[in-house]
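Student: Kindly return the folded structure for what I paste below:
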Amino acid sequence: MSYGDPNNPYGSPQGQPQQPPQQQGYGYPQQQPQAPGYGYPQAPPVQQSYGGGAPMTQMPGTVNTARILLWVIVGLQVIGALVFAFSAVAIDQAKDDAQFEAFADYPTGVLWGFAVFALAWLVWAAILATKFNSGTNGTRVTILVFGIITAVLGIYPFTLVGIVHLVLGILIAVFAGNANGKAWFNRARY
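Tutor: Numbering: from 1, shown residues only. Reported below is the predicted structural model:
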């Protein structure tokens with residue numbers, strides 16, 4: 001077999017004229033010529049997708065905890081609304097009894113107002129808790145606002161009984177506002 005033989009596997013590819021090897025000048029580093037067409041083709045670089053790619057199918061643990069804490073607030077609001085309503089009715093009934101004259105002066109309208117407020121807070125918490133699967137980033141921001149307002153209301157007007165709401169509000173805001181919460185509410189939905 002000669003170098004120009006078309007069946008020679010070491011020869012130049014057919015259709016291309018053979019060129020003599022080039023000599024490099026003195027002092028230049030010696031480089032091996034690249035043989036075209038041998039080996040596997042180079043793969044394109046792998047792109048990492050942050051937030052993209054496969055859709056999230058399972059809610060992260062901290063986000064699920066925030067949803068559960070919202071349902072806990074719903075339960076506490078049910079109890080609070082019942083206590084306020086029962087207290088208002090009891091004070092209205094105590095006005096006729098001489099033993100409870102000290103309570104008779106207490107304004108029952110305030111208690112009914114607290115009962116209505118507790119029901120409104122209950123409804124808002126229940127709506128937010130149901131929006132965790134279908135909500136967007138706007139829902140996440142609303143959950144953050146709800147958690148912060150709950151924590152603030154736990155500090156000032158309802159200090160003694162508001163400690164639980166203070167802790168729950170802070171945890172809800174932290175769990176919905178962290179990176180897992182952001183990734184969950186900004187996930188791709190297919």
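
Student: Flag the shaky bits of the protein, pLDDT-wise.
Tutor: Low-confidence regions of the chain, defined by pLDDT under 70, span residues 1-6, 8-56, 98-105, 157-159, 190.

Student: what helices or strands is the longest helix seen in the chain leaning on?
Tutor: If you go by DSSP state H, the chain has its longest helix at helix 61-94. On a contact count with 3 or more C-beta pairs under 8 Å, 6 or more residues apart in numbering; DSSP states H and E, helix 61-94 meets helix 101-104, helix 108-130, helix 137-155, helix 163-177, helix 179-185. Where you see a C-beta, it was placed from the backbone N, CA and C, and this is true even at glycine.

Student: Return the list of helices and strands in contact with the last one.
Tutor: If contacts are counted by 3+ C-beta pairs under 8 Å, 6+ apart, helix 179-185 sits against helix 61-94, helix 137-155.

Student: what would these look like in JSON lines with distance to Pro107?
Tutor: Below are those laid out as JSON lines (distance: least, C-beta to C-beta, whole Å):
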{"stretch": "helix 61-94", "distance to Pro107": "9"}
{"stretch": "helix 137-155", "distance to Pro107": "20"}
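
Student: on that earlier part again, ranking the helices and strands packed on helix 61-94 by burial, who's on top?
Tutor: Neighbour counts (mean count of other C-beta atoms under 10 Å) averaged over each of these peak at helix 163-177, with a mean of 20.

Student: Tell me which residues are up against it.
Tutor: Residues from elsewhere that reach helix 163-177 (C-beta atoms under 8 Å, 6 or more residues apart in numbering): 62-63, 65-66, 69-70, 72-73, 76, 140, 143-144, 146-155, 158, 181.

Student: Next: stretch 60-74.
Tutor: Residues from elsewhere that reach stretch 60-74, judged by C-beta under 8 Å, 6+ apart: 59, 121-122, 125-126, 128-129, 132, 143, 146-147, 150, 165, 168, 171-172, 175-176, 178, 180-181, 183-184.

Student: Apply 7 Å and report the result again.
Tutor: Judged by C-beta atoms under 7 Å, 6 or more residues apart in numbering, the contacts made with stretch 60-74 from elsewhere in the structure are 122, 125-126, 128-129, 132, 143, 150, 168, 171-172, 175-176, 178, 180-181, 184.

Student: For it, buried residues please.
Tutor: Pro60, Thr62, Val63, Thr65, Ala66, Arg67, Leu69, Leu70, Val72, Ile73, Val74 (16 or more other C-beta atoms under 10 Å).
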